Every structure is written in C-alpha cells, then in structure tokens.
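Enquirer: Got a predicted structure here, sequence first:
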Amino acid sequence: MVLGLIPARYASTRLPGKPLVDLGGQSMIQRVVAQARQARLSRVVVATDDERIRRHVEEFGGEAVLTRPDHPSGTDRLWEAFQQLGSPADVHCIVNIQGDEPFIHPAQINALADLFGDEATAPDIATLVKPVVTAEELFSPHLPKVVLNQRGQALYFSRHPLPFQRQHAPAEWLAQHRYLRHLGLYAYRPRVLEQLTRLPVSSLEAAESLEQLRWLEAGYQIQCAETELEAFGIDTPEDVDKARARLAS
C-alpha cells in the first residue's frame, strides 16, 4: 500500500493561509489533493496544523488529520499524521507531497512510488530530480542542485551549482556539464520516516538550510528518480498571480 501524505500549514511568513488561497474557484490544497488522487496511491491524507484547513478538506470530500502546530519540519508532521492513522502495517511506502504545488503531476508521484514496487529492492528514501535547462535555474539559491553517483543516489545537495567547474567560466558551465535540480517530493519506508524524525539538525543542514543533508550526514541513501516535468511551488502573492494566469490561459 502506498500512502500519500500532504503537509499543509496555515502559518506562512510570506503568504498566510496559503493552503486556502483560491486558484480558479478551488483552493490550493483542493487542487493538490485532486492531482494526488490521480496517481497510483492507495490513500491520500492531508496533515495540517489548523482546524480551518482540516474542515475545508473534509468539506470537499478529502481526508485530513489535525497535527501539532509546533513541528519543526514537514517530515515530523508526516510521522505524527501516520501515527494518527494507526500506522497501518500494510503501508510499505509513504509519499510526501508538497501542499503548495497545485500543478504536481501524477506521473511525478508515480515515479517515486514505482521505486517501492519490490519491497526487497526498495530504497529507504527516494526523491525527484530534474535537468537544469537555464542559467537562471543553475545560479538561483532558491532551487537546490544535486549530484548523483552512478546508481542514481544523491551524493550531495546544495544551493550552489555543483560541480564547480574550475576550467570554465560560470557562463559556460551549463554547456559543459549536465546539472540536476532537486524537486521537493519525497518517499520513504515508514520505519525510515520514524528514524528521520529522531535525527538532530546537522552542520551541513544548518549551513545550506536543506533538511535532506541531515539524512545524508546520518548515513542514509537517497535514491533519485528523474523527471522532465516542471515543479511550480507557491510561496508568495506573486506566485499566486502566476498560478491564476496559468489556469486562465
């Protein structure tokens, strides 16, 4: 059984009440749930810290659980939600679907879920990567980059372009190397998700402000699946305007 969990916080510094923002007649969280339901998931549940979001999800026919408001990360919120659901023994994979990506494609979710099809070879953690196609992407600190080993496992994540090309000017880097971006969609074995919530903040995580570095420092392997599909997260009022324009076109 593959369980899709969607963390959705009400508080947001740049966009308070973000999950409830209207996008073309539907809330953002409603659109995320609708996209997730098209993937090969056995169940889709929203994990929220706010009664307004829980009530809204149930009103449009979704399933939601109310979690503590003080979780330091979405990972911790997911683990509490899984426990509230009774920690079903038949769940072999939990997919963490970002609650602020109303255009998440079901194929992106399936790409991770498929890695867990054979429990004997399934990874502990999996995530998505996408080829970098523009210099703006490459040098944006808001779009983490990742380097992989020959088995498709993450070696390191950074907000800086990796690798640094000593022999070439930065303007030439994209033509000289195939760079990869990290997309914030994760999947885990349930027992691994529990273990991740017990790890302390690591030095690399603190330096880059990337939670997945905590897992790498602790010795966990992160298998990566590649997608050509774009991600569109909503963090600001300007992003909301772009999303509405996209829906209206």
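Expert: Nice, thanks for sending it over. Values in this document were obtained by computation on a predicted structure and should not be read as measured data.

Enquirer: secondary structure class for the residue lying farthest from the centre of the chain?
Expert: The C-alpha centroid of the chain is most remote from residue 167, which lies 34.1 Å away (CA atoms, centre = their mean). Secondary structure state of residue 167, per DSSP: H, G, I helix; E, B strand; the rest coil, is coil.

Enquirer: Show me what counts as buried in the host helix or strand of residue 110.
Expert: Using DSSP states H and E, residue 110 falls within helix 106-113. Residues of helix 106-113 classed as buried by neighbour count (16 or more other CB atoms under 10 Å): 106, 108-113. C-beta coordinates here come from the backbone N, C-alpha and C atoms, glycine included.

Enquirer: Farthest pair within the residues you listed?
Expert: Based on CB to CB, the longest span within the buried residues of helix 106-113 runs between 106 and 112 and measures 11.3 Å.

Enquirer: sorry, back to before: paired strands for the helix or strand just after the helix holding residue 110, with orientation please.
Expert: Counting by DSSP H and E, the next helix or strand C-terminal to helix 106-113 is strand 125-131. Strand 125-131 has its sheet partners listed here by DSSP bridges as strand 180-188 (antiparallel), strand 222-226 (parallel).

Enquirer: Please enumerate residues in contact with the longest one?
Expert: Residues from elsewhere that reach strand 180-188 (CB atoms under 8 Å, 6 or more residues apart in numbering): 93-98, 104, 108-109, 112-113, 115-116, 124-132, 137, 143-148, 157, 196, 212, 224, 226-227, 231, 233.

Enquirer: Run through this protein and note the low-pLDDT ranges.
Expert: Applying pLDDT under 70 to the chain picks out no residues at all.

Enquirer: Next, please give the residue ranges for the helices of it.
Expert: For the chain, applying DSSP state H gives helices covering 28-37, 51-59, 74-84, 106-113, 135-139, 173-176, 190-196, 203-208, 212-217, 237-248.

Enquirer: wait, isn't residue 218 in contact with residue 202?
Expert: Yes: when contacts are counted by CB atoms under 8 Å, residue 218 is listed as touching residue 202 (7.2 Å).

Enquirer: Of those two, which one has the most company?
Expert: Using other CB atoms under 10 Å as the criterion, residue 218 and residue 202 rank with residue 202 on top: 17 against 13.

Enquirer: My read is that that one contacts residue 213, right?
Expert: Yes: look at residue 202 against residue 213 with CB under 8 Å: they come within range, at 6.2 Å.

Enquirer: Fine by me, we can end here.
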